[in-house]
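Student: test case, fold it:
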Amino acid sequence: MLLISGEDASGVPYSDERIKELRDIYDWPALKQIIKRCPQSENGGIHIQDVYNLIDMHLQSGRGFSVEGRLIRPERMAAARNTVNMITVMIHAHGYRRMLQDKRTAYGQYYEFAKILAEMMKEEGLFKEGKVPLNKRDFYLFS
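Tutor: Numbers count the residues shown, from 1 in each chain. This is a model prediction of the structure:
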């Protein structure tokens with residue numbers, strides 16, 4: 001059985017009630033079983049869309065399915081889907097943070113360019129403000 005322990009951001013240990021709540025929301029053991037039913041790619045991996053398709057197909061039918069002789073009920077599939085979502089978000093967040101750290105100087109150039117462009121557009125808008133009505137095409141398409 002998967003053991004969940006730890007503490008929240010303020011350092012307070014999780015209560016037994018919170019641990020049960022998390023186990024009901026996320027089901028890693030069920031996800032691992034579901035992944036076993038997914039087709040493998042040539043290199044032995046799986047495609048994330050196959051995991052989602054398998055879960056969604058069985059959730060829509062309202063029926064569970066068996067993996068290695070063990071039934072995975074629809075409630076557990078919903079929790080397994082939550083787990084896939086959480087893992088996917090974590091992977092994307094990690095990749096985004098790494099990208100920002102690795103390419104900070106490159107993105108800094110684009111950020112500075114955008115700031116300069118915005119300032120120029122603001123000045124141009126203030127210049128045209130009294131000369132062209134704000135609701136006319138000439139005002140918002142002049143740049």
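Student: spatially central, which residue of the protein would that be?
Tutor: Val89 (3.0 Å; CA atoms, centre = their mean).
Student: helices and strands around the one helix or strand it maps to, which ones?
Tutor: Here Val89 sits within helix 74-102, counting by DSSP states H and E. Other helices and strands packing on helix 74-102, by 3 or more CB pairs under 8 Å, 6 or more residues apart in numbering; DSSP states H and E, are helix 16-25, helix 28-36, helix 48-61. Heads up, the C-betas are built off the backbone N, CA and C, glycines and all.
Student: so which of those is nearest Ser10?
Tutor: For Ser10, the closest of those is helix 16-25, at 13.1 Å, according to CB to CB.
Student: alpha carbons only: can I get the closest one in PDB?
Tutor: Only the C-alpha atoms of helix 16-25 are listed here, as PDB (Å, rounded to 0.1, in the frame of the first residue of the first chain):
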ATOM      1  CA  ASP A  16      -4.900  11.000   9.000                       C
ATOM      2  CA  GLU A  17      -8.100  12.600   7.600                       C
ATOM      3  CA  ARG A  18      -6.100  14.700   5.100                       C
ATOM      4  CA  ILE A  19      -4.000  11.600   4.000                       C
ATOM      5  CA  LYS A  20      -7.200   9.700   3.400                       C
ATOM      6  CA  GLU A  21      -8.600  12.600   1.400                       C
ATOM      7  CA  LEU A  22      -5.500  12.700  -0.800                       C
ATOM      8  CA  ARG A  23      -5.700   8.900  -1.300                       C
ATOM      9  CA  ASP A  24      -9.300   9.300  -2.500                       C
ATOM     10  CA  ILE A  25      -8.300  12.100  -4.900                       C
END
